[in-house]
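**Student:** My questions concern the predicted model and sequence given below.
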Amino acid sequence: MPTISRDEVAHLARLARLAVTEQELDKFAGQLDVILEAVAKVTEVASENVPPTSHAVPLTNVFREDVVRPGLTQQQALAAAPAAEDGRFRVPRILGEEQ
């Protein structure tokens, strides 16, 4: 069975830039071992006669067809705006941006 060491967990934590305690190294090593064992079991069961699938049951697209419909004109869209300027929505400046 595959096992992962504390050093490997520490290495993975460094790669991911995670600060972990000594207790967490032991805990994560155990948790990763459980994950690796589960993957190993799936690998044992998988055979060349079973095609890879993303879902257990077939899925169909439930979205409607894209149909081009007329949209609002610029004037119609700006008519409902609280403020407009130069044919655009006027919004408050944020984060101290300069003009």
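**Tutor:** It's in. Residues are numbered from 1 along each chain as shown.
**Student:** P58: how many residues sit nearby?
**Tutor:** P58: 6 surrounding residues under other C-beta atoms under 10 Å. Where C-beta positions appear, they are placed from N, C-alpha and C, glycine not excepted.
**Student:** Tell me if I am right that it is in a helix.
**Tutor:** No. Secondary structure of P58 (DSSP: H, G, I helix; E, B strand; the rest coil): coil, not part of a helix.
**Student:** Against L36, how distant is it?
**Tutor:** 31 Å (C-beta to C-beta, to the nearest Å).
**Student:** And the strands in the protein?
**Tutor:** Secondary structure of the chain by DSSP state E: the strands cover 84-85, 88-89.
**Student:** which one of the ones you listed lies closest to G71?
**Tutor:** Closest approach to G71 among the strands of the chain is made by strand 88-89 (15.6 Å; C-beta to C-beta).
**Student:** on contacts alone, who are the packing partners of that closest one?
**Tutor:** Contact here means 3 or more C-beta pairs under 8 Å, 6 or more residues apart in numbering; DSSP states H and E; on that basis strand 88-89 packs against no helix or strand.
**Student:** how far is it from where the chain is centred?
**Tutor:** Here strand 88-89 is found 33 Å from its chain centre; the criterion is C-alpha atoms, centre = their mean, to the nearest Å.
**Student:** quick revisit: could you look over the strands of the chain and pick the most buried one?
**Tutor:** When you average the neighbours per residue for each of these (mean count of other C-beta atoms under 10 Å), strand 84-85 leads with a mean of 12.
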